[in-house]
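1. Following is a predicted model, sequence given first.
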Amino acid sequence: PLVGASGRVWGAALLPQPRKQAGPKRAHLAAKNPIFVSVGHRVGLESCVRVVRLCLLSARVPEPIRLADVLSREQVRLARDKEGLAVAPRPAGRQLGLAVMAVGAIGLFFLLRSKQLRR
């Protein structure tokens, strides 16, 4: 845990250990940089750490954040297309697939939260 001078717990530094193999080249590389997780409003540090660990699938970045980044880049690409700027084309079905994955990740978060509240 990251503890301040007053003794207050501010968060934790996690070394990511993805649950899926990212690829053959990255399989042997250990994580170097930690992910900093902070305490939220009415959410304890243990719960935050648990949710972040569950969201580490195949990348260093938790899956909901990674999907939000991918979706935002897709929206930028679409906006550039409308303005007539040259951008490499993307398959139309990909955007829908990413949106479904993002909704699934958010659903997982709320499912875990509801299970925690039942305890």
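-> Okay, I see it. In this text the structure is predicted, and so the values were computed from the model without any measurement.

2. mind listing the strands for this structure?
-> Under the criterion DSSP state E, strands of the chain are mapped to 2-3, 9-14, 35-38.

3. tell me what the second one is packed against?
-> The helices and strands touching strand 9-14, judged by 3 or more Cβ pairs under 8 Å, 6 or more residues apart in numbering; DSSP states H and E, are strand 2-3, strand 35-38, helix 45-55. For every residue, glycine as well, the C-beta is placed using N, CA and C.

4. what does the shortest one give?
-> Strand 2-3 is packed against strand 9-14, with contacts defined by 3+ Cβ pairs under 8 Å, 6+ apart.

5. Format the CA atom coordinates belonging to the strand it packs on as CSV.
-> Taking C-alpha atoms only, strand 9-14 is exported to CSV below (Å, rounded to 0.1, in the frame of the first residue of the first chain):
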residue,chain,number,x,y,z
VAL,A,9,-3.6,4.9,2.9
TRP,A,10,-3.8,6.5,-0.5
GLY,A,11,-3.6,3.5,-2.8
ALA,A,12,-1.5,0.7,-4.0
ALA,A,13,1.1,0.0,-6.8
LEU,A,14,0.4,-3.3,-8.7
